[in-house]
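S.K.: Okay, here's the prediction I keep looking at, along with the sequence it came from:
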Amino acid sequence: DGGITQSPKYLFRKEGQNVTLSCEQNLNHDAMYWYRQDPGQGLRLIYYSQIVNDFQKGDIAEGYSVSREKKESFPLTVTSAQKNPTAFYLCASSTLTGGSYNEQFFGPGTRLTVL
Amino acid sequence: GQQLNQSPQSMFIQEGEDVSMNCTSSSIFNTWLWYKQDPGEGPVLLIALYKAGELTSNGRLTAQFGITRKDSFLNISASIPSDVGIYFCAGRNQAGTALIFGKGTTLSVSS
């Protein structure tokens, strides 16, 4: 089955620790994205990537880092510099047409709780 | 960045009622998308619209790409309890390449 997988579904970490969230897709999509969702806030873009070894900051990149070593994988690291990391994190992917991003498909999400 | 105005923010309806929600933007869009998110899950694409005036249905759901290209509407007919969730609009304007998301409409259905 083609799709996007995120792991783990639930993640607990102590304050001050870095944590990495996994995102894998087998849709052969060029573009991948990370969003953060808080209650009543909608989806806020953290980072996105059009191609391997390249990525751009979204609206709320501070305290986060990403890598894109493979087309299929786009892991997100939540660093200790992120002041309020507890949230629901969503990964998405899409094809590209002429440099424009097409409809995005989302993974099931990871709920991160920092204690 | 640019935001979409999505309304209403929340709706509380009875099973069997019809529902309508909309999104507006300050600039012209060339793509409108509607997603549904169940609690604790990722959003799922419901309908994609690519032309002004386009009207597309997916079961009991119908969405329209506004003639002005600055708005879109989603209607749900004869609501059922499993329609509960958050509905997001998203769009791409002529200048940008990335999608822009609305803040969502939370739908509650009582039986």
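M.R.: Right, received. Where do you want to start?
S.K.: what residues does stretch A:84-96 touch?
M.R.: Under the contact criterion C-beta atoms under 8 Å, 6 or more residues apart in numbering or on different chains, stretch A:84-96 has outside partners A:4, A:6, A:13, A:19, A:21, A:23, A:25, A:27, A:29-38, A:43, A:50, A:63, A:74, A:76, A:78, A:101-107, A:109-114, B:40, B:42-43. For every residue, glycine as well, the C-beta is placed using N, CA and C.
S.K.: can you rerun that using 6 Å?
M.R.: Contacts with stretch A:84-96, where a contact means C-beta atoms under 6 Å, 6 or more residues apart in numbering or on different chains, come from A:4, A:6, A:21, A:23, A:25, A:27, A:29-38, A:78, A:101-102, A:104-107, A:109-111, A:113-114, B:42.
S.K.: Alpha carbons only: can I get that stretch in CSV?
M.R.: Taking Å, rounded to 0.1, in the frame of the first residue of the first chain, the C-alpha atoms of stretch A:84-96 are listed here in CSV:
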residue,chain,number,x,y,z
ASN,A,84,6.7,24.9,23.8
PRO,A,85,7.2,21.6,22.0
THR,A,86,4.1,19.8,23.2
ALA,A,87,1.8,19.5,20.1
PHE,A,88,0.5,17.2,17.3
TYR,A,89,3.0,17.0,14.4
LEU,A,90,1.9,16.2,10.9
CYS,A,91,4.0,15.1,7.9
ALA,A,92,2.7,15.5,4.4
SER,A,93,4.0,15.0,0.8
SER,A,94,3.0,16.1,-2.7
THR,A,95,4.1,16.0,-6.3
LEU,A,96,5.4,19.1,-7.9
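S.K.: Most remote residue from the middle of chain A, which is it?
M.R.: The centre of chain A is farthest from one residue, residue A:98, which by C-alpha atoms, centre = their mean lies 23.3 Å away.
S.K.: Which strands or helices does the helix or strand hosting residue A:37 pack on?
M.R.: Using DSSP states H and E, the element containing residue A:37 is strand A:31-38. Counting by 3 or more C-beta pairs under 6 Å, 6 or more residues apart in numbering or on different chains; DSSP states H and E, the packing neighbours recorded for strand A:31-38 are strand A:42-51, strand A:87-94.
S.K.: Tell me the buried residues in it?
M.R.: Residues A:31, A:32, A:33, A:34, A:35, A:36, A:37 are the ones in strand A:31-38 that count as buried (16 or more other C-beta atoms under 10 Å in any protein chain shown).
S.K.: Taking strand A:87-94 as reference, get the angle to that strand.
M.R.: Orientation of strand A:31-38 against strand A:87-94 (axes from the mean of the first three to the mean of the last three C-alpha atoms, to 10 degrees) gives an angle of 160 degrees.
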